[in-house]
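> 3D model of this:
(chains A, B and C)
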Amino acid sequence: MYNITGYYEADTLAEATALLAEKPKLELIAGGTDVLIKMHGKAEDTELFSLRKIKSLEIIRKAEDGTIVIGAMATFARVFKDPIIREMIPILTEAAISMGGPQIRNIATIGGNVCSGATSGDSASSLFALNARLKILNSLGERLVPIQEFYLGPGKVALKPGDILTEIRISPEDYQGFGGHYIKFAMREAMDIATLGVAVTCKLQGNIFDEIRIGLGVAGPTPLRCLEAEEFAKGKDISVETVAEIGKLAVRSTKARTSWRASKEYREHLVEELVQRGLKIALVNAGGAELV
Amino acid sequence: MAYTVVGKSVNKVDAIAKVTGKAKYTDDFHERDMLVGKILHSPHAHAIIKSIDVSLARALPGVEAVLTYKDLPRINYATSLPGYVDDGTETECEAECESDRIKFSTAGHPYSLDPGHRDVEDRHILTKKARFVGDDIAAVVATDELIAEKALQLIKVEYEVLEALTSTDAALKEGAPLIHEEHEGNILASGGFAIGDVEEAFKESDYVFEGEYETSIVQHCHMENQTSYAYIDSDGRIVIVTSTQIPQIVRRVVAQSLGLPWGRVRVIKPFVGGGFGNKQDVCIEPLNAAMTIAVGGRPVKIELSREESMVDTRTRHAFKFKIKTGINQDGKLIGIHISAVSNTGAYASHGHSIAGSAGGKFRYLYPTKALKYDPITVYTNLPVAGAMRGYGCPQIFYAFESHLEDIAKRLNMDPIEIRRKNLVEVGYVDPVSKNKITSCGIRECIDKGKALIKWDEKKASYKEQRGNKLRGLGMACFSYASGTYPVALELAGARIVLNQDGSVQLQIGATDTGQGSDTVFGQMVAEVLGLPMEMVHVISTQDTDISPFDTGCYASRQTYVSGMAVEKAALEVKGKILEFAARMTDIPVDKLELVEQRIIYKHSGESVLTLEQVAMQSYYDRVHAKPITSDSSNNARINAIPFGVTFTEVEVDIKTGKIEVLEIYNVHDSGTIVNPLMAEGQVHGGVSMGIGYALSEQLTFDAVTGKAQNNNLLDYKLPTIMDTPDIGVAFVETYEPTGPFGVKSLGEPPTITPAPAIRNAVLDATGVAFNRLPMNPQRVFEGFKKVGLI
Amino acid sequence: MFKRIAFSVNGKAFNIEVDIRESLLELLRNHLGYTGAKKGCGVGECGACSVLIDGVPTDSCIYLAVWADGKEITTIEGVASKSGELSAVQKAYVEEGAVQCGFCTPGLVLTTTALAESGKEFTREELKRELSGHLCRCTGYQSILKAAEKSLEGHICTCVDSPHYKGK
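Below you'll find the predicted structure:
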């Protein structure tokens, strides 16, 4: 039994924002796989506000301008199966299937995953590499927040009382022409949280890197991008040496720490190694030749 | 030997109940107005309770009782139930009152009439001194779980925090605080055995090698947590329904812990969702009994959460080994000296028995002129270690089979050959236990395993490997035992009733916790009585009021030891059937045989009577009616030694430190295999547990606070289906003359050798020896870094 | 606090007031008597509590009872036919020796049933992935996988062009 002292639902976003304006302390619940687990075994009173009935939030679509719009309440199973995502931004498909196990993916939502603010969130590194923007709604209006500005610290995100994350948006300039790859490095092949999440995308011009993006999860208190490595790559020849250097530079953007799960040294070693592995596959997916 | 039902993969007798959801486990029973019991666990690893104030908790509406050590009976106190609960008169003498309280042991061993052979009684139901993070300090009984949780938060405890000894090194340090006053140096017990003179043996040896090996604390992770409910029946007796491997021992320990006559406790075991040794310990039932007493006998349930189950029940002992071995040029072992430090955690539980078992079962594999074993078992401020599948053997065989591999490498000997040179043979009598090897198929097991994995072919092809992914092969051997003889009592019971239609009910005291013993016993009865399986009805529930006496499910004893009782009971029923038929027909009983539900003439096979005719007469003959039953007990003063081997192939990702098991085969000599499909299932599960032990599983603790860091199924890396390779199984079916139908044990052995085999394969692949478990990516990374591989 | 919801379990309709604090698992087990769903962890890490909600495998321990409003729920008690005949999936689990302690069995049988009823093809790896939300400590998953493969006979794909989870 959960210590739920109140339970509210809304059928539409308008109802939801109105109720939240009135009762800003309500705890928003989507799939429940984070919120309920946090409540497990705790005696604190919690009033829940469920977004599950707002069906409009589950939709995944491609807008006319090519922007991919993912409803915050889309489950990981839905994200995984979605043909638009699979075709346009497969690194999110790969991230989605790496999350938890099937039963969890069937209810956990991508919006909930982002709002939990975990650096290990399985969607996070891919969304960072994709420069995702988050649409946030409250009773006063809506705003778009770049994902890099949304994660504030472990478990902390830029949501104010009354706010609801409604959409995750990915612009065409952030995926068109890119090839990518996502690696979840964990102790188990299923039902695990990442020791390191690596999402790499790249755009090539002939034999040179036009642009690369590296999103990392669990390499710091929040997901992060490896800007120094990304900057370095611009215009460089595609070679084993360049990729090795990118791997090395990627480490410089990380803020890994030692915990009982893994040491800082090991995490940094993994960043260097897995960024290279990810990039080697990403560049093939971007139309490049395999590096040997 | 040719059998009809024994040796066949008949369906598990409870499989249909389990695939349809009809099988009832402890939590599936509901009593009206069942109350909920919750436990306040210590947040400190080592602390004395200065004061406990439960007044706010007691005052919370919905709270029916709050218990602390003050509310538990003093020695020989409660022989009658009324007046048992806190009388509120003890505030003046708390210290004395605590020392006065009944101390007991939770270990699931048979009772011993010899006081010197009993388990160490070092704990109270609720303690005044916390000895690990999670120790039971107080308990609440309330109308629902949320109220109980709230009440726990309202209990105010003032602790005097002591230094937490979170490793055996810390506990053994000069001047370390004592965890138990009675145990100086924090040593629970020490002492092993010595065969021959090991120092002399080293002098005689061509080479002497030394090595150090270390295993980790792991947890059983049975899918059903510990759970029980208790009430007092109209007869004034405490009835406990519980998920246990050892109902008879639970009955005794509950009675002992509360100072009750043993007959005042009744224990019922429904279906059990796995135990693996953790339910061979009496963890929650004494407190559950105290709870129902505190609320006037109303039903109270204790259902541990997964987080509790992983630290507040039992774990596997971590061991540190130092091994010194003398060996000759030809590979013959001359002398072995094994020193071991076993970490038992905060309380004794099975205590030194684990270390004892490790040495005892190791002794059979490679008999040497001189073998010295010096284990000590040490208290620390960590969760309590107890029985877990393999009972010390996964630890000692990991150490020794790693050590022997290292020696083979140093001597440039083939690892299989070095083992072959030293393996035991039939006829060997162990000088300590006096157990005799009466069957031994270890050599054939090795041949089979070697062929299955294509050892020679792969060894040759991996010689010139390069790159970041390297493959290697490894193997390791084991010996075990079937039951505990001569260390402990091996008593088992079985009861059979012949029904009117010729079918039978079989009742056993042995407990099936999922491994399939009920089916195996059913097959034995079907074999003896010539019945089809569907005419043997096995009663799966054990009830100490009803079931025959058996000490329970542990030590891989049931097929062998309890099987003896079952065979005996079936033979008795068969004899009675033939005697009855002889009386009915006037044909001499020695001329009759029971075959396919018919009584026949032995010489011609001619039918004389049907079994049903005999059965009906046995119930309804106006003169001679006497239903045919048997009620047998068997005290097995004998043991049989099973053997086996693991062969494995791994691939190591040098850059990430990940080890992948590509192939793994376990080949067992467990005598006759009663049910091949179920036997394979035992091996699959054991190997999977062994792979987890090797590569990923470890319960970790903060070194300063002693708090567990990963006591849940997300952070504790139990293998999922994605992490488990195909597991190959083969048997070498020897015939064990001492066992019923030629059987030896199988339940625990599969867990023993995957870890050393994998470790040896990693050594083969990379040249790096990992002498500490688990070989998780972090450790492997550190190992490779150290030798400059990365 | 209670909330009225309407739902069905194994085809039987319910219209009842449920405690908002309870999980679907608690509703099924403690109030409706469907004890086939088991509690192994309470936080979605083991899969023992899995039931099918509108045909989709779901951990009922982290699914609030109030969310069952309007849903069709299938528990293990609803898998065999009304006359008691085991389903093909159940038969496969029995015959392949996929059942030991049985605590993970109801969830696994239900997930396998959902896969069998989907009519989709799976590679062996995909099948393992679909079963990976169920922890089992007894079987090493070997016979479970065999039983699932047997249940999906004709739908196990050895070709490479099925949507492969591990990317290209």
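> can we go C-alpha only for contacts and neighbour counts from here?
Noted.
> contact partners for residue 16?
Since you didn't name a chain, this refers to chain A. A:9-10, A:51 (Cα atoms under 8 Å, 6 or more residues apart in numbering or on different chains).
> let me rephrase: I mean chain C.
C:4-6 are the contacts of C:Ile16 under Cα under 8 Å, 6+ apart.
> quick check: residues of chain A near chain C?
Contact residues, chain A versus chain C (Cα under 8 Å from any Cα of the partner chain): A:1-7, A:32-33, A:36-37, A:40, A:94, A:97, A:100-104, A:106-107, A:190-191.
> buried members of those residues into ChimeraX, please.
Entered in ChimeraX, the line below selects the buried ones among the residues of chain A next to chain C, by 16 or more other Cα atoms under 10 Å in any protein chain shown:
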select /A:1,2,3,4,6,7,32,33,36,37,94,97,100,101,102,103,104,106,107,190,191
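> tell me the domain ranges of the chain?
Defaulting to chain A. Per the record, chain A has its domains at A:4-49, A:57-172, A:180-285, by automatic domain parsing.
> that's the wrong chain, I wanted chain B
Taken from automatic domain parsing, chain B resolves into B:15-23+B:491-635, B:26-161, B:318-484+B:639-786.
> now the most centrally placed residue in chain C: which helix or strand?
Among the residues of chain C, the one closest to the centroid is C:Leu110, at 2.9 Å (Cα atoms, centre = their mean). For C:Leu110, the element it lies in under DSSP states H and E is helix C:105-118.
> go through that helix and flag the buried ones.
Those would be C:105-116, for helix C:105-118 by 16+ other Cα under 10 Å.
> so that helix, near chain A or not?
No: using Cα under 8 Å from any Cα, helix C:105-118 stays clear of chain A, coming no nearer than 8.9 Å.
> looking at the stretch 51-200 of chain A, which residue is nearest chain B?
A:Glu189 (5.5 Å; Cα to the nearest Cα).
> ok so, going back, out of the domains of chain A, which comes closest to B:Val265?
domain A:4-49 (31.5 Å; Cα to Cα).
> gap between the two ends of that closest one?
Between the opening and closing residues of domain A:4-49 lies a distance of 10 Å (Cα to Cα, to the nearest Å).
> quick one: it to chain centroid distance?
In terms of Cα atoms, centre = their mean, to the nearest Å, the centre of domain A:4-49 is set 22 Å apart from its chain centre.
> thinking again about what came up before, run through who's touching the helix holding C:Leu110.
By Cα under 8 Å, 6+ apart, helix C:105-118 touches B:18-21, C:36-38, C:47-52, C:55-57, C:75-76, C:79, C:89-90, C:93, C:99, C:130-131, C:134, C:148, C:151-152.
> what's the closest non-adjacent residue to residue 59?
You didn't say which chain, so I picked chain A. A:Gly71 (5.1 Å; Cα to Cα, 6 or more residues apart in numbering or on different chains).
> the chain in question should be chain C.
Per Cα to Cα, 6+ apart, closest to C:Asp59 is C:Ser50, 4.4 Å.
> pretty sure the one you found sits against C:Val56.
No: using Cα atoms under 8 Å, C:Ser50 is not in contact with C:Val56, being 9.5 Å away.
> and the two? which has more neighbours close in?
Neighbours were counted for C:Ser50 and for C:Val56 using other Cα atoms under 10 Å in any protein chain shown; C:Ser50 has more, 34 against 21.
> may I have the phi/psi pair for the more buried one?
phi -60, psi 140 (degrees, to the nearest 10).
> the helices in the chain, which residues?
By default, I'm working from chain A. A:13-22, A:35-39, A:76-81, A:83-88, A:90-98, A:102-105, A:110-115, A:124-129, A:147-150, A:227-233, A:240-252, A:264-285 (DSSP state H).
> my question was about chain C
Taking DSSP H as the criterion, chain C carries its helices at C:24-26, C:88-95, C:105-118, C:124-131, C:142-151.
> could you give the average pLDDT over the fourth one?
For helix C:124-131, the per-residue pLDDT values average out at 97.
> let me know whether it sits next to chain A.
Yes: judged by Cα under 8 Å from any Cα, helix C:124-131 comes into contact with chain A through C:129-131.
> same question, the last one
No: in this structure, helix C:142-151 remains apart from chain A according to Cα under 8 Å from any Cα; the gap is never smaller than 15.4 Å.
> ok so, going back, which of the residues of helix C:124-131 next to chain A has the largest number of neighbours?
C:Leu131 (28 neighbours).
> so how far is chain B from that residue?
Computed as Cα to the nearest Cα, to the nearest Å, the C:Leu131 to chain B distance reads 7 Å.
> just the pLDDT for the closest residue to B:Leu60 other than its chain neighbours.
Distance criterion Cα to Cα, 6+ apart; nearest residue to B:Leu60, sequence neighbours excluded, is B:Ala151 at 6.7 Å. Reported pLDDT at B:Ala151 in the predicted model: 97.
> cool, the one 4 residues further on as well?
According to the per-residue confidence, B:Ile155 scores 98 in pLDDT.
> what about C:Glu96, neighbour count?
C:Glu96, neighbours per other Cα under 10 Å, totals 21.
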